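# predicted model, plus sequence, below.
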Amino acid sequence: MTTATQQRVDELLRDARTWDAARFADAARLVNDDPSLRRLAAGVFAIAGRHEALAAVQDVRLLAPHGAVNVEEYVASLPGGPSAFDYAAVAAAAAWRGDADATYRLLRTGAAFAIEAGATHIAIAIDERLAQHALLFGNVDVAQRAVAAALVLAPVQRAWSWHWRAAATAARFSVAVGDTARAVDLVAQSRNARSPEIDALFAPSAVALSALQDATPSQSVVTDELRRIALTCETPHLAASAAMAWAVAEPSEPSVPSPAAVALRRALLRGSDGLDTIELYSITARYGDVDDARIAAAALLALAAYDLPFADAHAQLARAYILFRTGRHDAAAAAAGDAARAFAAVGLRGWTNESMLLLVRQEGDAGAPRRRPSALALTGRERQVAQLIRRGSSNRDVARVLDISEHTVERHVSSILSRLGLRSRWQLVDERQDEQ
């Protein structure tokens, strides 16, 4: 491996240009495919989240099923000793096997190696990768601690590109768990950077916050620069972030082609960094062309097969959106309920509420005939409350989704129990008596 290759890769990674670093390392490897260069390329691919490219250069022994090879013994035995890049690459192999604990140990060791070697920017990159892996595994606490570590290291080293990238990830996590105050603070700080690319990284969080605050996101978030990034940017995660924000902020009729839908399709087709932007697929299922929506849902199902709870929850949500869009409201409600439970199980309150909102929308649009209340017939509002409670929502959650007071929720719950002859709200969780 030439020193020039190492230096150029390092320069790109210092500026958080992981996509460019991966392309450069791959081009150098194709010219001179020596073992050390393959190891460097593998590590850069792992840090950049380019799993398809990583599979092409990874040692085939690491592609074996879980238990066939001890990944930690493997990395320790590498010729010349392991580097931070080696730990990142082997951690990706552990993640492919569904071994979360080994993935976290390897990445933390890699970050420690990088710090010891004076390459703090590589440690920050690995912490950010750890956060992304942990979210996929549904370990939200691990993900938040990892991105917090990156945010601590970056300013100390004046690694501002990494700081903003980690801050955008932290904002995304904060929206996902329902920590609105933290997300608002991070998005507000991002405006100090005065960079269209950084604005694009934060745009999905900014749009989500605007919706929560009943603001009009298109006026402040969807700019000409954001549209340009969505339609022309070569960096996949930047283009995907811009496309998601644009589609959510300015939704169009499904039957009317829109530039935002084109941007979603472009991001979908360039999904090399898809594991970092799982939300792209469920957002495409909701706002994209119907054919693209089906492709996105299928991609999520494939990812969920690797025992990734975050991907599984989004797969259920994507299915709910498609069912709703094609008029199958009862099936959509069931899928939305499954999504709500899956998100709630890993503590993602923001996405849980998004799924529950689809339940409410289904109830309002299904067009079911109104019935007079009787012993086993509920009013429309009571059916909404019962749907949400049956899927594990607290009174506070129900109040937030339906925009009513907790006291009103309590009155509805009391009425539901009386009409259905039940003694406890928890009986609603196990029985679908309100649909009889």
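Everything's here; your move. Predicted model, so just to flag it, every value in this text is computed and none were measured.
# what ranges does the stretch 1-150 of the chain have for its helices?
Secondary structure of the stretch 1-150 of the chain (DSSP state H, counting those that start in this stretch): helices located at 3-14, 18-31, 35-48, 51-57, 71-76, 84-96, 100-116, 120-137, 140-156.
# for residue 310, find the nearest of these.
Closest of the helices of the stretch 1-150 of the chain to residue 310 is helix 120-137, at 5.0 Å (criterion: Cβ to Cβ). (Each C-beta comes from the backbone N, C-alpha and C, glycine too.)
# can you pull the contacts of residue 223?
196, 199 (Cβ atoms under 8 Å, 6 or more residues apart in numbering).
# give me the pLDDT for residue 418.
What the model reports for residue 418 is a pLDDT of 81.
# could you do residue 372 as well?
At residue 372, pLDDT is 37.
# with residue 348 instead?
For residue 348, the model assigns a pLDDT of 91.
# pretty sure it sits against residue 139.
No - with contacts counted by Cβ atoms under 8 Å, residue 348 stays clear of residue 139, the gap being 11.5 Å.
# and stretch 24-32, how far out from the chain's middle?
Centroid displacement of stretch 24-32 relative to its chain, using Cα atoms, centre = their mean, to the nearest Å, is 31 Å.
# for that stretch, which positions count as buried?
24, 25, 26, 28, 29 (16 or more other Cβ atoms under 10 Å).
# same list (the residues you listed) but as a markdown table, adding pLDDT and distance to residue 378.
Converted to a markdown table, the buried residues of stretch 24-32 look like this (pLDDT from 0 to 100; distance: Cβ to Cβ, whole Å):
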| residue | pLDDT | distance to residue 378 |
| --- | --- | --- |
| 24 | 93 | 62 |
| 25 | 91 | 61 |
| 26 | 91 | 59 |
| 28 | 89 | 66 |
| 29 | 87 | 64 |
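# before we move on, back to that, tabulate the helices of the stretch 1-150 of the chain (CSV), appending distance to residue 357.
As requested, these are arranged in CSV below (distance: least, Cβ to Cβ, whole Å):
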stretch, distance to residue 357
helix 3-14, 40
helix 18-31, 34
helix 35-48, 34
helix 51-57, 32
helix 71-76, 41
helix 84-96, 31
helix 100-116, 30
helix 120-137, 22
helix 140-156, 21
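# and these: which comes nearest residue 315?
Comparing these under Cβ to Cβ, the one sitting nearest is helix 120-137, at 12.4 Å.
# other SSEs contacting the closest one?
Here helix 120-137 touches helix 3-14, helix 35-48, helix 84-96, helix 100-116, helix 140-156, helix 160-177, helix 309-325, going by 3 or more Cβ pairs under 8 Å, 6 or more residues apart in numbering; DSSP states H and E.
# rerun that using 6 Å as the cut-off
Judged by 3 or more Cβ pairs under 6 Å, 6 or more residues apart in numbering; DSSP states H and E, the packing partners of helix 120-137 are helix 84-96, helix 100-116, helix 140-156, helix 160-177.
# ok, back up a step: closest to residue 12 out of the buried residues of stretch 24-32?
Using Cβ to Cβ, those come closest to residue 12 at residue 24, 6.3 Å.
# neighbour count: residue 348 and residue 139, which is higher?
residue 348 (26 against 22; other Cβ atoms under 10 Å).
# quick check: residue 350 touching residue 176?
Yes - with contact defined as Cβ atoms under 6 Å, residue 350 reaches residue 176; the gap is 4.8 Å.
# neighbour count winner among the two?
Legend: neighbour count by other Cβ under 10 Å for residue 350 and residue 176, higher for residue 176 (26 against 19).
# can you pull the contacts of the more buried one?
By Cβ atoms under 6 Å, 6 or more residues apart in numbering, the residues touching residue 176 are 348, 350, 351.
# 10 Å - rerun?
Shown in contact with residue 176 (Cβ atoms under 10 Å, 6 or more residues apart in numbering): 135, 140, 143-144, 183, 205, 208, 279, 310, 343, 346-352, 354.
# now do residue 9
When contacts are taken as Cβ under 10 Å, 6+ apart, residue 9 is in contact with 1, 17, 20-22, 24-25, 28, 40-41, 43-44, 85.
# swap the cut-off to 8 Å and go again
Contacts of residue 9 by Cβ under 8 Å, 6+ apart are 21, 24, 25, 40, 44.
# quick one: pLDDT of it?
94.
# low-confidence ranges in the stretch 1-150 of the chain?
Counting by pLDDT under 70, the stretch 1-150 of the chain has low-confidence residues at 1-2.
# what is the end-to-end distance of stretch 296-315?
9 Å (Cα to Cα, to the nearest Å).
# how about stretch 319-335?
One end of stretch 319-335 to the other measures 7 Å (Cα to Cα).
# could you give the separation of that stretch from the chain centroid?
21 Å.
# for it, buried residues please.
319, 320, 321, 322, 323, 324, 329, 331, 332, 333, 334, 335.
# can you check stretch 174-191 too?
So, applying 16+ other Cβ under 10 Å, buried residues of stretch 174-191: 174-180, 182-184, 186-187, 190.
# ok, stretch 237-254 next?
Under 16+ other Cβ under 10 Å, the buried positions of stretch 237-254 are 237-250, 254.
# same question, stretch 379-390
Buried residues in stretch 379-390, counted by 16+ other Cβ under 10 Å: 379, 382, 383, 384, 385, 386, 387, 388, 389, 390.
# ok, the residues you listed vs residue 156, which is closest?
Using Cβ to Cβ, these come closest to residue 156 at residue 388, 45.0 Å.
# surely that closest one is in a helix?
Yes - according to DSSP: H, G, I helix; E, B strand; the rest coil, residue 388 belongs to a helix.
# can you give me the pLDDT of it?
79.
# check the gap between the nearest residue in space to it that is not next to it in sequence and residue 44 for me.
Excluding the flanking residues, the one nearest residue 388 by Cβ to Cβ, 6 or more residues apart in numbering is residue 398, at 4.8 Å. Separation of residue 398 from residue 44 (Cβ to Cβ, to the nearest Å): 47 Å.
# who has more neighbours, these two?
Ranked by neighbour count (other Cβ under 10 Å), residue 398 and residue 44 place residue 44 first, with 30 against 24.
# I'd assumed residue 19 was in contact with that one.
No - the pair residue 44 / residue 19 is not scored as a contact, 9.9 Å apart, by Cβ under 8 Å.
# from the buried residues of stretch 237-254, which land in helices?
Using DSSP state H, 237-249 are the members of those that sit in helices.
# sorry, back to before: tell me the one of the buried residues of stretch 237-254 nearest residue 265?
residue 243 (8.7 Å).
# since that was my last question, I'll sign off now.
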